[in-house]
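Provide a 3D model corresponding to the input given below.
(chains A, B, C and D)
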Number of protein chains: 2
Amino acid sequence: MATKKPEPPRSLGRQLNFTTGRMNALCQHVLEPHDLSLPQWVILSCLWRHGPLPVRTLAEFVGTGLPAASRLVDRMAERALVTRRADPGDGRVTLVDVTEKGRALDHLASFYEQINAALFDGFTDAERELVFTLLKRMEENAVKALG
Amino acid sequence: MATKKPEPPRSLGRQLNFTTGRMNALCQHVLEPHDLSLPQWVILSCLWRHGPLPVRTLAEFVGTGLPAASRLVDRMAERALVTRRADPGDGRVTLVDVTEKGRALDHLASFYEQINAALFDGFTDAERELVFTLLKRMEENAVKALG
DNA sequence: CTAGGTTAGTTTACATGTAAAGCAAAACAG
DNA sequence: CTGTTTTGCTTTACATGTAAACTAACCTAG
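Numbering: from 1, shown residues only, chains lettered A, B, ... in the order given. Presented below is the predicted three-dimensional model:
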């Protein structure tokens, strides 16, 4: 009956994207009841621990460009999770701070540990360390290859 | 001078997303001269090796839902890289096939090996195997945690 | 002080992802 | 055969990512 199932080649990119994708799906699944997306949680987790911050700092923390961070802040501000205000010391800087409503979610501050635990289920301590080490080395190789 | 640099916690999700993000940036960088995005390359690489295929099969291969795959095919059809036609045997199915113009790019068929090589630079064979094994186990754990 | 360059942020245009609704064809139950 | 369900795909609405253009504020050289 020839079940047309093209076998994908053994590609690192494929495996990385699939693993990361599944993990992000799991994150979204856990955050959904709280009406938070993963990038929004990252922003909040940054603000919970380090006071008001410039948009640039948030962008670096989230790992995206300024425009993406700016718009994330937009939406979160619309939902009254954060506020914007000009930095009194530097008129260019927009300081983002968390509101009461945003702080009310700070019980999610260590939700990522729950994800770590789920993904690392059955892993030895040495294997967990290895995962971080290997991923970091690949990241550095990618950066190097980008020139 | 207090360089405000919030230290992110040691999060697997963070490391996975950053490593994968860097690698995808590298992929886009390599594909850019050929006017191909990474998902578009994945579709083509599937069509190059296995004849005309239904949209569903492409979606599974790319790792996204049907709507995303359908729209990818849209754009690639606009650029005359692929064609759509109804499956003569099943009127519901849209068969996607690569055009001459699309096939002209098939020298990129093993471009992912170049990415593998760049990311694995300095890795022993055992380490490369380990990366696949560990990533696969995490992926399975994520799927399991999703229920 | 002013001119030019840099920096921070926003806005716009566009590619991609998901979820949910809609549609047409096939499969199935009676 | 007919009515219902399932399946495959598309469409729409929306969140997110990037790149490039634009604005505003700061910095620096003169």
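
what's the top strand by length along chain A packed up against?
If you go by DSSP state E, chain A has its longest strand at strand A:90-98. When contacts are defined as 3 or more C-beta pairs under 8 Å, 6 or more residues apart in numbering or on different chains; DSSP states H and E, strand A:90-98 packs onto helix A:38-49, strand A:53-54, helix A:55-62, strand A:82-87. Just so you know, the C-beta spots here come from the backbone N, C-alpha and C atoms, and that holds for glycine as well.

contacts for it?
With C-beta atoms under 8 Å, 6 or more residues apart in numbering or on different chains as the test, strand A:90-98 has contacts from A:43-44, A:47-48, A:51-56, A:58, A:73, A:81-87.

and what of stretch A:69-77?
By C-beta under 8 Å, 6+ apart, the residues outside stretch A:69-77 that reach it are A:39-40, A:43-44, A:55-56, A:58-59, A:62, A:82-84, A:94, A:96, A:102.

Residue A:123 belongs to a helix?
No - under DSSP: H, G, I helix; E, B strand; the rest coil, residue A:123 sits outside any helix and is assigned coil.

For DNA strand D, give me its nearest residue in chain A.
Closest to DNA strand D within chain A is residue A:91: 2.7 Å, counting by C-beta to the nearest atom of the strand.

For that residue, grab the count of nearby residues.
Residue A:91 is flanked by 8 other residues according to other C-beta atoms under 10 Å in any protein chain shown.

Centre of the chain to the helix or strand residue A:113 falls within, how far?
Assigned by DSSP states H and E, residue A:113 belongs to helix A:111-119. Computed by C-alpha atoms, centre = their mean, to the nearest Å, the separation of helix A:111-119 from the middle of its chain amounts to 13 Å.

Could you export stretch A:89-104 as CSV, CA atoms only?
Extracted C-alpha coordinates of stretch A:89-104, given in CSV (Å, rounded to 0.1, in the frame of the first residue of the first chain):
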residue,chain,number,x,y,z
GLY,A,89,18.5,60.3,33.0
ASP,A,90,18.4,59.6,29.3
GLY,A,91,15.5,60.7,27.2
ARG,A,92,16.1,58.1,24.5
VAL,A,93,15.6,55.2,26.9
THR,A,94,12.2,53.7,27.6
LEU,A,95,12.1,52.1,31.0
VAL,A,96,9.7,49.1,31.3
ASP,A,97,8.4,48.2,34.7
VAL,A,98,6.0,45.5,35.9
THR,A,99,2.6,46.5,37.3
GLU,A,100,0.8,45.0,40.2
LYS,A,101,-1.1,42.8,37.8
GLY,A,102,2.2,41.7,36.3
ARG,A,103,3.8,41.0,39.7
ALA,A,104,0.8,39.0,40.7
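
what about it, near DNA strand C?
Yes - between stretch A:89-104 and DNA strand C, judged by C-beta under 7 Å from any atom of the strand, the touching residues are A:90, A:92, A:93, A:94.

Going by neighbour count, which residues of that stretch are buried?
Burial within stretch A:89-104, assessed by neighbour count using 16 or more other C-beta atoms under 10 Å in any protein chain shown, is assigned to A:93, A:94, A:95, A:96, A:98, A:102.
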